[in-house]
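Asker: fold the following.
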Amino acid sequence: MNGRTALGACLVLLAVLAGALFLDRSQQLAPVYVAAHDLPAGAPLREGDLVVIRVRLPAAALRHYLQPDPGQEVSGRVLAAPVRRETLVPAGIVLASSQAANLVELPVQVDQGDMAQGLRPGDSVQVLAAYTEGARRGRAVVLLPSAEVVQVLQDPAGLAGTGEERGVQLRMPSDRAPLVVAAIATARIFVVKAPGAASGQAPGSPATPVEPDPAESAPDPAGSGPVHPPPGRAVVI
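Answerer: Predicted coordinates:
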């Protein structure tokens with residue numbers, strides 16, 4: 001074998017090795033946390049709330065999600081926003097404590113027919129106030145663009161044996177609570193399902209395609225249809 005043939009063989013071997021190395025790196029899967037079930041905002045994380053799957057994501061997208069870290073304990077930390085089952089957990093919403101989340105719970109009573117039907121804990125809703133008197137007469141104001149349902153409130157059971165839904169207990173940012181309380185005293189309150197409430201994507205999470213390991217469970221968020229608020233002029237305050 002002459003020198004030219006040997007050089008050509010070495011170049012071919014190097015190209016094959018480089019290609020194999022590239023394919024190996026492109027097939028590497030990174031561990032990330034997903035929600036084992038629907039997780040509410042404000043509640044401390046417990047063992048079993050999160051599970052680890054392996055996904056294939058660009059490094060720029062991967063850094064947005066919570067990953068296992070031997071030096072970082074997840075249990076006891078708090079989510080600043082709800083996360084749907086089998087959804088990747090955005091790192092930016094995982095806080096050290098409930099104080100850092102700055103969330104409060106407030107009961108909101110609603111007249112019959114002014115609340116969306118079929119609400120359950122964990123749902124995301126909008127709260128609107130319709131003013132019939134004063135300077136804001138004829139206007140519908142969005143008090144809360146998004147709030148989490150903690151509990152559906154019911155009247156005590158009557159002769160029929162079932163209570164009537166009369167409102168919801170909501171988890172909301174503490175700085176919005178005074179606005180909601182003031183509106184409850186002066187306006188008609190509506191509670192409607194928030195747009196994208198069943199999307200399974202928490203605020204601030206990037207919309208990046210995920211390629212999970214076929215042997216693992218993959219995120220499978222469900223979509224929801226548009227929501228039509230009560231007629232009138234609506235503004236966010």
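
Asker: helix or strand: which one has Ala177?
Answerer: helix 177-186 (DSSP states H and E).

Asker: tell me what that helix is packed against?
Answerer: strand 103-109, strand 124-130, strand 139-154 (3 or more C-beta pairs under 8 Å, 6 or more residues apart in numbering; DSSP states H and E). Quick note: C-beta positions are derived from backbone N, CA and C, even for glycine.

Asker: now the ones you listed as CSV including mean neighbour count and mean pLDDT?
Answerer: Shown next, in CSV, are the helices and strands packed on helix 177-186 (neighbours: other C-beta atoms under 10 Å; pLDDT from 0 to 100):
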stretch, mean neighbour count, mean pLDDT
strand 103-109, 18, 86
strand 124-130, 24, 90
strand 139-154, 19, 86
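
Asker: let me know which of these is the nearest to Leu170.
Answerer: strand 139-154 (4.3 Å; C-beta to C-beta).

Asker: quick revisit: the helix holding Ala177: which residues count as buried?
Answerer: Of the residues in helix 177-186, Ala177, Leu179, Val180, Ala183, Ile184 count as buried by neighbour count, 16 or more other C-beta atoms under 10 Å.

Asker: show the average pLDDT along that helix.
Answerer: Helix 177-186 carries an average pLDDT of 89.

Asker: swap in stretch 194-210?
Answerer: Throughout stretch 194-210, pLDDT has a mean value of 48.

Asker: quick check: nearest residue in space to Arg171, chain neighbours excluded?
Answerer: Closest residue to Arg171 apart from its sequence neighbours, by C-beta to C-beta, 6 or more residues apart in numbering: Glu148 at 4.5 Å.

Asker: may I ask you to confirm that that neighbour is in contact with Pro173?
Answerer: No. At 10.8 Å, Glu148 and Pro173 do not qualify as touching, with contact defined as C-beta atoms under 8 Å.

Asker: toward the C-terminus, what is the element adjacent to the helix holding Ala177?
Answerer: strand 188-193.

Asker: packing partners for that next one?
Answerer: On a contact count with 3+ C-beta pairs under 8 Å, 6+ apart, strand 188-193 meets strand 103-109, strand 124-130.

Asker: contacts only, for Pro68.
Answerer: Pro31, Tyr33, Val52 (C-beta atoms under 8 Å, 6 or more residues apart in numbering).

Asker: report the buried members of these.
Answerer: Using 16+ other C-beta under 10 Å, the buried ones in the contacts of Pro68 are Tyr33.
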